[in-house]
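**Q** Attaching a predicted model along with its sequence, questions to come.
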Amino acid sequence: MQLHKAKREYGCEINIAPLIDVVFLLIIFFLTVSHIARIQVEPLELPEAQEGKKADPLAGGRLIVNVHRDGRVAIAGQTHSLTSIRQLLVDETGREDSGPISILIRGDREASWEKIRELMNVCTDCGIGQVDVAVIEPGQKPSDL
């Protein structure tokens with residue numbers, strides 16, 4: 001008696017609909033994050049400096065404060081007064097889940113440095129020790145940032 005082996009077909013069918021959904025959500029996420037990053041770093045003519053350390057303006061845990069030439073102070077595209085910035089920093093440092101906060105001050109080269117000094121004093125009063133001022137190297141174009 002001869003036994004016949006049954007032919008078995010092994011197949012694998014992949015449903016790609018969930019994969020397409022995940023890729024679509026990732027695209028939306030990265031577009032949103034890049035838009036937020038562009039809002040935080042407003043176009044300013046930064047002052048020149050001979051020396052300094054390279055810092056990433058989009059590093060996590062960093063609050064970016066833009067000082068315009070007309071004296072307007074903006075965070076994430078919204079104009080703030082020094083009082084509201086002080087309250088924002090007090091609230092941020094008072095949160096239990098917040099880690100160390102650092103501030104990047106991006107001041108226009110035509111802005112009053114008195115305003116930047118006042119901002120630095122507000123940061124010191126709130127207990128923030130990591131305050132950087134954004135500058136460019138001599139000869140560097142603002143579009144290189």
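**A** Nice, thanks for sending it over.
**Q** and the biggest helix by length in the chain, average pLDDT?
**A** Using DSSP state H to assign secondary structure, the helix with the most residues in the chain is helix 17-40. For helix 17-40, mean pLDDT is 84.
**Q** now that helix: how far from the chain's centre is it?
**A** 16 Å (Cα atoms, centre = their mean, to the nearest Å).
**Q** Kindly report the same for stretch 63-83.
**A** How far stretch 63-83 lies from its chain's middle: 15 Å, per Cα atoms, centre = their mean.
**Q** First-to-last residue distance for that stretch?
**A** End-to-end distance of stretch 63-83 (Cα to Cα, to the nearest Å): 16 Å.
**Q** Show me what it is in contact with.
**A** 36, 39-42, 44-45, 57, 85, 88-89, 92, 101-112, 115-116, 118-119, 122 (Cβ atoms under 8 Å, 6 or more residues apart in numbering). Quick note: C-beta positions are derived from backbone N, CA and C, even for glycine.
**Q** cool, stretch 16-23 as well?
**A** Contacts for stretch 16-23 (Cβ under 8 Å, 6+ apart): none.
**Q** before we move on, back to that, kindly export the longest helix of the chain (C-alpha atoms) in PDB.
**A** The C-alpha trace of helix 17-40 is given here as PDB (Å, rounded to 0.1, in the frame of the first residue of the first chain):
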ATOM      1  CA  ALA A  17      -3.500  48.600   5.500                       C
ATOM      2  CA  PRO A  18      -2.300  49.000   9.100                       C
ATOM      3  CA  LEU A  19       1.200  49.700   7.800                       C
ATOM      4  CA  ILE A  20      -0.100  52.400   5.600                       C
ATOM      5  CA  ASP A  21      -2.000  53.900   8.600                       C
ATOM      6  CA  VAL A  22       1.200  54.000  10.700                       C
ATOM      7  CA  VAL A  23       3.300  55.500   7.900                       C
ATOM      8  CA  PHE A  24       0.600  58.200   7.400                       C
ATOM      9  CA  LEU A  25       0.600  59.000  11.100                       C
ATOM     10  CA  LEU A  26       4.400  59.200  11.200                       C
ATOM     11  CA  ILE A  27       4.300  61.700   8.300                       C
ATOM     12  CA  ILE A  28       1.800  63.900  10.100                       C
ATOM     13  CA  PHE A  29       3.800  63.700  13.300                       C
ATOM     14  CA  PHE A  30       7.100  64.800  11.600                       C
ATOM     15  CA  LEU A  31       5.400  67.600   9.700                       C
ATOM     16  CA  THR A  32       3.800  68.900  12.900                       C
ATOM     17  CA  VAL A  33       7.100  68.800  14.800                       C
ATOM     18  CA  SER A  34       9.000  70.600  12.000                       C
ATOM     19  CA  HIS A  35       6.300  73.300  11.900                       C
ATOM     20  CA  ILE A  36       6.600  73.800  15.700                       C
ATOM     21  CA  ALA A  37      10.400  74.000  15.400                       C
ATOM     22  CA  ARG A  38      10.200  76.700  12.700                       C
ATOM     23  CA  ILE A  39       7.800  78.700  14.800                       C
ATOM     24  CA  GLN A  40      10.200  78.700  17.700                       C
END
